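S.K.: output the structure for:
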Amino acid sequence: MEIFSNIKLFCEMNSQDSSNIYPKAKNPFDLIITKYVWSKHFGSNHKICILTFPDSLGKINTIAPMKIKDDQISFIGDKNLFDYQDLIYSDKYEDKSSSNHISEIFSEINKMPNVKNLIFESVSEQSYLIKYFKENNDTLWKFDITFEDVCPIINLEDSWENYLSSLKKKYRHELKRKIKRINSSGKVDHYELVGKDEIMKNIDCFFELLKSSSHAKSNFLTPEYQDFFVDLLDNLSGYDDLVRLSFLEFEKSKVASSLSFVINNTRFLYNSGYDPKFSDLSVGLINHAYSIKLSIEQNIKIFDFMRGDERYKYHLGAEDTRLFTILGKRK
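M.R.: Take a look at the predicted model:
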């Protein structure tokens, strides 16, 4: 095991190219560069502590990317900006290896005299951490697992027609009617940008549509968060089409947009917005539907709407997965 306290150095060592990241990132929040950008903007009052565990060949197969503030340790990031947080595991991981490393992690945290509390937020129900706590009674820490939120996902069909057929009858007819209506009302175009220059050139338009779509999103996109997003996209846009910025145009005007990350054969819908002047044409919903269609054409297997139980996600066929918060105290 090694311990790193300089995330910039660790990032430079492990993130030159997304295809060489080991372990392979399962979502955009696993990427060390994502954690570095967060730390640069919001981590000045935290101490960084990254634990790494090698396999028999010396390659890292487990990373525990953590931060410490006062007497509390948590993952690098926060649930306002990171829909998923977890340890980072190798695809070659076995349950026994994961349990051993998780036990070592908590043993190492126990050696930190100033750390009294632990909080791991936004942990997926599929995480090894959840499995560990269900099957083991840690001798050093007392843990409490509480439900936090849902992340609705769609396991995509192999064609647009099969996807439509998979929807409930009511929602299928409703979606077809809305698509027909907007196309009969004017010229409609849907496309996504993947090149860094195009994304950065159009990001301000995305921000405007995001802010205009609701008061909650307008309040969410503070200047600090906007600076974070620009920096993150500037860093991630060079990673093999990882960042996708989609637009729906109606009569040559951008009326809806969504920002997604494609990684691990999954499209992660990070945020979206639309022009409320066109809400009667359901431009936000149709933008998502066309992004689902595009994902099917690109052979992407999962469409992850991420955090939140908004109704439109279920109208488009999503089913819930769950997020949990893990709270720990010394015994």
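S.K.: contacting residues for residue 245?
M.R.: 192-194, 198-199, 202-203, 206, 257-260 (C-beta atoms under 8 Å, 6 or more residues apart in numbering). For every residue, glycine as well, the C-beta is placed using N, CA and C.
S.K.: are any of these buried, and which?
M.R.: Among the contacts of residue 245, those classed as buried by neighbour count (16 or more other C-beta atoms under 10 Å) are 192-193, 199, 203, 206, 257-260.
S.K.: touching, residue 306 and residue 268? I think so.
M.R.: Yes - between residue 306 and residue 268 there is a contact at 5.9 Å, judged by C-beta atoms under 8 Å.
S.K.: overlap in contacts, the two.
M.R.: Joint contacts of residue 306 and residue 268 (C-beta under 8 Å, 6+ apart) are residue 83.
S.K.: okay, and the beta partners of residue 267?
M.R.: Beta-bridge pairing for residue 267 (DSSP bridges): residue 262, residue 303.
S.K.: format the contacts of residue 245 as TSV; extra columns: pLDDT.
M.R.: Output for these, formatted as TSV (pLDDT from 0 to 100):
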residue	pLDDT
192	97
193	96
194	94
198	95
199	95
202	97
203	97
206	98
257	98
258	98
259	98
260	97
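S.K.: so which of those are in strands?
M.R.: Among the contacts of residue 245, the ones falling in strands (DSSP state E) are 192-193, 257-260.
S.K.: tell me the one among these nearest to residue 8.
M.R.: residue 259 (25.0 Å; C-beta to C-beta).
S.K.: now the closest one. Nearest residue, chain neighbours left out?
M.R.: Nearest residue to residue 259, sequence neighbours excluded (C-beta to C-beta, 6 or more residues apart in numbering): residue 270, at 4.8 Å.
S.K.: for residue 107, see how far away the one you found is.
M.R.: 35 Å (C-beta to C-beta, to the nearest Å).
S.K.: of those two, who's got more company?
M.R.: Neighbour count, other C-beta atoms under 10 Å: between residue 270 and residue 107, residue 270 has more, with 22 against 13.
S.K.: what about the more buried one, which SS state?
M.R.: State at residue 270, reduced to three classes by DSSP: H, G, I helix; E, B strand; the rest coil: strand.
S.K.: contact partners for it?
M.R.: Counting by C-beta under 8 Å, 6+ apart, the residues that residue 270 touches are 28, 83, 258-261, 306.
S.K.: what about residue 268, neighbour count?
M.R.: 24.
S.K.: wait, residue 328 sits on residue 140?
M.R.: No - taking contacts as C-beta under 8 Å, residue 328 lies outside contact range of residue 140: 9.3 Å.
S.K.: overlap in contacts of those two?
M.R.: residue 106.
S.K.: between these two, which one's more packed in?
M.R.: residue 328 (23 against 13).
S.K.: which strand residues sit across from the more buried one in the sheet?
M.R.: Going by DSSP bridges, residue 328 forms beta bridges with residue 118, residue 143.
S.K.: so who does it touch?
M.R.: Applying C-beta under 8 Å, 6+ apart, the residues near residue 328 are 106, 117-120, 141-144.
S.K.: tell me the one of those nearest residue 218?
M.R.: residue 119 (28.6 Å).
S.K.: count of neighbours near the closest residue to the closest one other than its chain neighbours?
M.R.: Among residues not flanking residue 119 along the chain, residue 74 sits closest, at 4.9 Å (C-beta to C-beta, 6+ apart). Counted with other C-beta under 10 Å, residues neighbouring residue 74 total 19.
S.K.: ok, residue 40 next?
M.R.: By other C-beta under 10 Å, neighbour count at residue 40 equals 16.
S.K.: need the pLDDT of residue 212.
M.R.: The per-residue pLDDT reported for residue 212 equals 97.
S.K.: please, which helix or strand holds it?
M.R.: Secondary structure assigned from DSSP states H and E places residue 212 in helix 196-213.
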